[in-house]
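Participant: take this sequence and fold it.
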Amino acid sequence: MTQIHRSQHTFQAIAAASLAVAALGTAVSIAPAQAASRSLTTQTIAIDAVEVTVAGTVDGSRAQFDVELNTHSGDLANDLSKSRLTVAGVKFPNGKWSGDPVGGHHRSGRLTFVGRTKQVGTVSLRLSGWTKALTFRWSAKGQPVR
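Facilitator: Next comes the predicted model:
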């Protein structure tokens, strides 16, 4: 091999290695590690002739709760977007309700709270719209706390 040919070969090898490293770096930045979500066991509470069922998940950036309301007397007019969440002592006011509008005997949807949350600690969800406090609580392991 001549000196020029060896230099070109070395340059090509360095360029190929640089591209491989750049591609790896891009792949890593495109797919950051996802925070594992913690499941919260389904709970049901009866209050004011309404059966309320809630199940949820909490991860590092949000908490989501699937909520079902069922009654056979009156309309369900609760504004669930005014509900409050506490995760490991950190409070999150006013969730976003995506689901059935007020009224009727059956409603379901998802209540989402966005914000930095801790992966450990107790979770307390207080649903709005009842005459008495309606609070669901979970332990750090996601089990119901009464």
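Participant: skipping its backbone neighbours, what lies nearest residue 85 in space?
Facilitator: residue 92 (4.3 Å; CB to CB, 6 or more residues apart in numbering). All C-beta atoms are positioned from the backbone trio N, CA, C, and that covers glycine.
Participant: tell me the spacing between that neighbour and residue 51.
Facilitator: 25 Å (CB to CB, to the nearest Å).
Participant: repeat for residue 127
Facilitator: From residue 127 over to residue 51 the distance is 13 Å, taken as CB to CB.
Participant: between these two, which has more neighbouring residues?
Facilitator: Legend: neighbour count by other CB atoms under 10 Å for residue 127 and residue 51, higher for residue 127 (25 against 14).
Participant: identify the bridge partners of the more buried one.
Facilitator: residue 134 (DSSP bridges).
Participant: where does pLDDT dip in this structure?
Facilitator: 1-35, 119 (pLDDT under 70).
Participant: ranges for the strands of it?
Facilitator: Counting by DSSP state E, the chain has strands at residues 38-47, 50-58, 62-71, 84-87, 90-93, 96-99, 106-114, 123-127, 134-138.
Participant: which other helices and strands contact the last one?
Facilitator: Right, strand 134-138. When contacts are defined as 3 or more CB pairs under 8 Å, 6 or more residues apart in numbering; DSSP states H and E, strand 134-138 sits against strand 38-47, strand 50-58, strand 123-127.
Participant: nice, that's everything, thank you.
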